[in-house]
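Asks: coords below, sequence missing:
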């Protein structure tokens, strides 16, 4: 995790045994996206297009696609829609996710950054989430089955 005086970011890298084109499909196609994160997904992958992903019951991530350079770079805003308990600490569109896909032999190196998080607590929470979901992406994109998401039936 990287921190500055103004914002906090989650930075990760993960190697995936799949081509950048395949990994890209798992980022922008709802049929593929829900294989590694979320129960339902509505994605409009174009600059200005919006997305909604019900990650677990009562927790829907949403934002807007900012930049798409298939299959190399994806930038989108990110946040959580209000739940039954009211607004979330990271509202929709308040943070930014940048994903770079770098061809690496027969696979892909994914460089992931989730920035503009409001504080260390939000960064820690999101780091925990991405540490859960990025390996699921790697498994699914490589042709494996990450299995049912255990967070769907239990606390994150």
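Replies: Sure, I can see it. What you see is a predicted model; the values in this text were computed from it and never measured.

Asks: in what helix or strand does the closest residue to residue 19 other than its chain neighbours lie?
Replies: Leaving aside its sequence neighbours, residue 19 sits nearest to residue 108 (CB to CB, 6 or more residues apart in numbering; 6.4 Å). (Each C-beta comes from the backbone N, C-alpha and C, glycine too.) Secondary structure assignment for residue 108, by DSSP states H and E: strand 107-117.

Asks: so what does that strand touch, helix or strand wise?
Replies: Counting contacts by 3 or more CB pairs under 8 Å, 6 or more residues apart in numbering; DSSP states H and E, strand 107-117 packs against strand 8-16, helix 20-28, strand 95-104, helix 120-141.

Asks: Just the buried positions in it, please.
Replies: For strand 107-117, burial by neighbour count (16 or more other CB atoms under 10 Å) applies to 107-110, 112-117.

Asks: Please apply the same query to stretch 71-87.
Replies: Within stretch 71-87, the residues scored as buried using 16+ other CB under 10 Å are 71, 74-81.

Asks: mind checking how far that stretch is from the chain centre?
Replies: The chain centroid and the centroid of stretch 71-87 are separated by 9 Å under CA atoms, centre = their mean, to the nearest Å.

Asks: Equivalent analysis for stretch 65-80, please.
Replies: 10 Å.

Asks: Kindly report the same for stretch 81-90.
Replies: 18 Å.

Asks: quick one: contacts of that stretch?
Replies: For stretch 81-90, the surrounding residues in contact (CB atoms under 8 Å, 6 or more residues apart in numbering) are 52, 58-62, 78-80, 91-92, 117-119, 121-122, 126.

Asks: Go again with 7 Å.
Replies: If you take CB atoms under 7 Å, 6 or more residues apart in numbering as the criterion, stretch 81-90 is touched by 58-60, 62, 79-80, 92, 117-118, 122.
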